[in-house]
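The amino acid sequence is not available; the structure is as follows:
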């Protein structure tokens, strides 16, 4: 009798990145880009200029959508009071997982108030690949990681990251 052992390996590919400021007097994106340095090193960098600091009230909606003839809700749709969460980061395991996507590449690693620009710097595709294929395994397909950023209960910005897992 012969046994064959297969290892299934998924790969994340970034397909698009879209950042939108909905209140340019409050904040604006200095840059929001996906850069491919070469075939194997690709990353996301985002910088948000904040004009009305300090900011002491932040809520975020994180949603994961999967493409099924249009993007449909899939797995996560979470609202979080960011200031409360950062005071007690272990309070919500789903938000801990979602926050882990950018925590180590960002200056959003402290609680409110925020009195500086917000940066996600060189969040690599390899890092994202580890998060969605090893930490929690996702099925194959096209996904939209959607985030809506509120300050003082007013929607100020959206960041949409489109990926394909193959």
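Cool, got the structure. Owing to the predicted nature of the structure, the values given are computational and were not obtained by experimental measurement. Residues are numbered from 1 along each chain as shown.

C-alpha from now on. contacts and neighbour counts both.
Noted.

Name the helix or strand of this protein that has the lowest mean pLDDT.
Of all helical and strand segments in the chain, the minimum by mean pLDDT, DSSP states H and E falls on helix 125-130, at a mean of 83.

so residue 160 bridges to which residues?
With DSSP bridges as the criterion, residue 160 is bridged to residue 18, residue 146.

Relative to residue 61, how far out is it?
12 Å (C-alpha to C-alpha, to the nearest Å).

got it, and residue 70?
Residue 70 is 20 Å from residue 61, by C-alpha to C-alpha.

hang on, the earlier thing: which neighbours do residue 160 and residue 61 have in common?
Common neighbours of residue 160 and residue 61, counting by C-alpha atoms under 8 Å, 6 or more residues apart in numbering, are 146, 147.

where exactly do the helices run in this structure?
82-87, 93-99, 125-130 (DSSP state H).

Output the below-cut-off pLDDT ranges for the chain.
When residues are selected by pLDDT under 70, those of the chain lie in 1-10, 135.

isn't residue 34 right next to residue 43, touching?
Yes. With contacts counted by C-alpha atoms under 8 Å, residue 34 reaches residue 43, the gap being 5.7 Å.
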